[in-house]
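In: heads up, no residue letters with this:
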């Protein structure tokens, strides 16, 4: 699971004009995870990362079942993960 910086953060910290939104063109069926289901304290996320508790981290995200031909937009700054066995083409900002 990870997120890419939105434009304002990229500009402030790295002097870049753009963040990194992306879109996925799905080639094989499976599950992807996109965006938090509810607000989560930064300390809780930090603890899950420190513990490498991927199961609990993924449980925080929306789960989407995808099929070949689907397109998924991933806005910059949104936590996301690609499920096992999903093959996709990724277009990036």
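Out: Structure's in. What do you need? This is a predicted model, so every value here is computed, not measured.
In: residues of the helix or strand hosting residue 46 that come out buried?
Out: Assigned by DSSP states H and E, residue 46 belongs to helix 42-51. By neighbour count, with 16 or more other Cβ atoms under 10 Å as the criterion, the buried positions of helix 42-51 are residue 48. Bear in mind the C-beta positions are built from the backbone N, C-alpha and C, glycine included.
In: Also stretch 12-20?
Out: Buried residues in stretch 12-20, counting neighbours by 16+ other Cβ under 10 Å, are found at 19, 20.
In: How about residues contacting it?
Out: Stretch 12-20 is contacted from outside by 4, 5, 6, 7, 8, 9, 10, 11, 76, 77, 92, 93, using Cβ atoms under 8 Å, 6 or more residues apart in numbering.
In: Could you pull up the mean pLDDT of it?
Out: Taken as a whole, stretch 12-20 has an average pLDDT of 76.
In: burial measure for residue 3, as a count.
Out: Residue 3 is flanked by 15 other residues according to other Cβ atoms under 10 Å.
In: Would you mind measuring from the nearest residue to it once chain neighbours are set aside to residue 86?
Out: Setting aside the residues directly before and after it, residue 3 is nearest to residue 79 in space (Cβ to Cβ, 6 or more residues apart in numbering), at 4.8 Å. Residue 79 is 16 Å from residue 86, where distance means Cβ to Cβ, to the nearest Å.
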